[in-house]
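A.B. asks: Below are the sequence and a predicted model; questions follow.
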Amino acid sequence: NAGVTQTPKFQVLKTGQSMTLQCAQDMNHNSMYWYRQDPGMGLRLIYYSASEGTTDKGEVPNGYNVSRLNKREFSLRLESAAPSQTSVYFCASSEMGGDYGYTFGSGTRLTVV
Amino acid sequence: GIQVEQSPPDLILQEGANSTLRCNFSDSVNNLQWFHQNPWGQLINLFYIPSGTKQNGRLSATTVATERYSLLYISSSQTTDSGVYFCAVEASGTYKYIFGTGTRLKVLA
């Protein structure tokens, strides 16, 4: 049972390039989330999907787009990467909303130069 | 929006010592979780605890929702307890968890 799988684990982008971070869960969870973590800080919510077919903005959505492809997969896209988007990105899933707790992926470390 | 404050920001313990970490929040919440981020960056859910008290081995947590705080107790600390402990709260009906900035714990052998 893999839980939450994120790809890639590491990525270096040049300013202005685009990329998509992938997240998949095999726990049949309804809700999925994307967070970013900057040095010395807590996690900040970028976007979330309470259930399949819905997405909503979190605290820091600017510069990002998301797609809830199906119940298992929730991707995060950077259309034109900026150095301010250098961060560690975490995907999480939960059974429904905030109930029963989160399961996190292992993270994607992104550097934009 | 809701504010989440954790204290202390940093804590150094000798192996075997006990500690209490605190999480204060500024508004009523539906849900609350405690997480441990190990030195390799992995985030592990410790407790889902919107109210009451739970225990899991050497760790226990108490949330008093009416007074807007939660406590995480670590007893007989071990070096493997080192890392950052985060509290996260979900404001009523929002589906969005807001994280505190964490307590960085170092346990010395």
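C.D. replies: Received it, and whenever you're ready, just let me know what you need.

A.B. asks: Check which helices and strands the lowest-mean-pLDDT helix or strand in chain B sits against.
C.D. replies: Using mean pLDDT, DSSP states H and E, strand B:97-99 stands out as the lowest-scoring helix or strand of chain B, at a mean of 90. Counting contacts by 3 or more Cβ pairs under 8 Å, 6 or more residues apart in numbering or on different chains; DSSP states H and E, strand B:97-99 is packed against strand A:43-49, strand B:83-91. (Each C-beta comes from the backbone N, C-alpha and C, glycine too.)

A.B. asks: from these, which stretch is densest packed?
C.D. replies: Mean neighbour counts were compared across the helices and strands packed on strand B:97-99 using mean count of other Cβ atoms under 10 Å in any protein chain shown; the top stretch is strand B:83-91, at a mean of 25.

A.B. asks: Next one: that one, is it in contact with chain A?
C.D. replies: Yes: part of strand B:83-91 sits near chain A under the criterion Cβ under 8 Å from any Cβ of the partner chain, namely B:86, B:88, B:90.

A.B. asks: residues contacting the second one?
C.D. replies: Shown here is residue B:88, whose contacts under the criterion Cβ atoms under 8 Å, 6 or more residues apart in numbering or on different chains are A:43, A:102, B:4, B:32-35, B:97-100.

A.B. asks: Relative to residue B:57, which of these is nearest.
C.D. replies: Closest approach to residue B:57 among the contacts of residue B:88 (Cβ to Cβ): residue B:34, at 13.7 Å.

A.B. asks: Am I right that the closest one sits in a helix?
C.D. replies: No: Residue B:34: not assigned to a helix; according to DSSP: H, G, I helix; E, B strand; the rest coil it is strand.

A.B. asks: which residues does it bridge with?
C.D. replies: Beta bridges link residue B:34 to residue B:47, residue B:87, judged by DSSP bridges.

A.B. asks: Counting neighbours, what do you get for it?
C.D. replies: Residue B:34 has 25 neighbouring residues, counting by other Cβ atoms under 10 Å in any protein chain shown.

A.B. asks: ditto for the one 5 residues further on
C.D. replies: Neighbours of residue B:39 under the rule other Cβ under 10 Å: 10.

A.B. asks: just residue A:25 next, same as before
C.D. replies: Residue A:25 - counted by other Cβ under 10 Å - has 23 other residues nearby.

A.B. asks: and what of residue A:21?
C.D. replies: Other residues close to residue A:21 by other Cβ under 10 Å number 22.

A.B. asks: Could you report the separation of residue B:44 from chain A?
C.D. replies: 8 Å (Cβ to the nearest Cβ, to the nearest Å).

A.B. asks: give me the number of residues near that residue?
C.D. replies: 12.

A.B. asks: swap in residue B:2?
C.D. replies: 16.

A.B. asks: does it sit in a helix, a strand or a coil?
C.D. replies: Put simply, residue B:2 is coil when judged by three-state DSSP.
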